[in-house]
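Asks: Curious how this folds, go ahead:
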Amino acid sequence: MEKPYLKDPNEYPNDEVLGKLLGDVKDTWFEFFDYLNKEYPEFKGEWRYYKDGQSWLYKLVKKKKTICWLTVYPNKFETTFYFPDRAEEVICNSTLSPVYIDKFVTGKRYGKTRGLTIAICELADLEHTKILIDIKEKLK
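Replies: Alright, predicted model coming up:
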C-alpha cells in the first residue's frame with residue numbers, strides 16, 4: 001500500500017507545498033476546490049496531522065457530516081468516501097464506473113460501512129469524485 005507523502009507534522013500543506021508535491025496534477029487539485037466552492041459553498045475543510053497514520057489529511061465536511069478525506073501523493077491525490085451499506089443500491093444505480101461500483105460492493109466492511117477511494121491522476125478522474133459527492137449529499 002502506497003504511503004502518503006505529507007509526513008512532516010511541522011510542514012503545513014499550504015499551496016506551495018502542495019504545488020511541488022502534486023506536480024502535473026496540481027491544476028486538477030485547484031480545479032476540484034474551485035468546483036467545491038462553486039457547487040457546494042457550504043462545505044468546509046481542514047488539514048489535520050493524524051499521528052496514527054503519521055500524515056496530513058484533508059477532511060471535507062458539511063456541518064458535522066464528513067463528505068470525504070483527501071490524501072496527497074506525488075503527482076496524484078485520492079478522495080476516500082465512507083458509505084453505509086444502505087447506499088449500495090444508489091451506488092449500483094449511479095453513473096459511476098463499473099470498476100468503482102465493484103470496488104464498493106466487494107470492498108472491506110467496517111461494521112455497516114464501506115469505503116471507496118478514487119485516485120485522481122488527471123482531470124477526468126474528478127468525475128467519479130463528483131458523482132460520489134452527489135450521492136453523499138442525497139443520503140440522509
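Asks: Please, where are all the strands along this structure?
Replies: Here the chain has its strands, by DSSP state E, at 44-50, 55-62, 65-73, 76-84, 109-110, 113-120.
Asks: can you tell me the average pLDDT over the second one?
Replies: In this model, strand 55-62 has a mean pLDDT of 97.
Asks: follow-up on the earlier one: tabulate the strands of the chain in CSV, adding columns for distance to Ser97.
Replies: Where C-beta positions appear, they are placed from N, C-alpha and C, glycine not excepted. Compiled in CSV, the strands of the chain are given as follows (distance: least, C-beta to C-beta, whole Å):
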stretch, distance to Ser97
strand 44-50, 25
strand 55-62, 21
strand 65-73, 17
strand 76-84, 14
strand 109-110, 21
strand 113-120, 9
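Asks: And these: which comes nearest Tyr12?
Replies: Between Tyr12 and the strands of the chain, the tightest spacing by C-beta to C-beta is seen for strand 44-50, at 6.7 Å.
Asks: Next, the angle strand 55-62 makes with that closest one.
Replies: Taking axes from the mean of the first three to the mean of the last three C-alpha atoms, to 10 degrees, one finds strand 44-50 and strand 55-62 inclined to each other by 150 degrees.
Asks: where in this protein is pLDDT low?
Replies: Along the chain, the parts satisfying pLDDT under 70 run over 1-4.
Asks: hmm, back to that, any chance of the strands of the chain in a markdown table, with mean neighbour count and distance to Asp24 too?
Replies: Compiled in a markdown table, those are given as follows (neighbours: other C-beta atoms under 10 Å; distance: least, C-beta to C-beta, whole Å):
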| stretch | mean neighbour count | distance to Asp24 |
| --- | --- | --- |
| strand 44-50 | 13 | 22 |
| strand 55-62 | 18 | 19 |
| strand 65-73 | 19 | 12 |
| strand 76-84 | 19 | 9 |
| strand 109-110 | 9 | 33 |
| strand 113-120 | 18 | 11 |
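Asks: I figured Phe77 hits Glu31, correct?
Replies: No - contact criterion C-beta atoms under 8 Å: Phe77 and Glu31 do not qualify, at 11.7 Å.
Asks: For stretch 28-46, buried residues please.
Replies: Residues of stretch 28-46 classed as buried by neighbour count (16 or more other C-beta atoms under 10 Å): Thr28, Trp29, Phe32, Leu36, Phe43.
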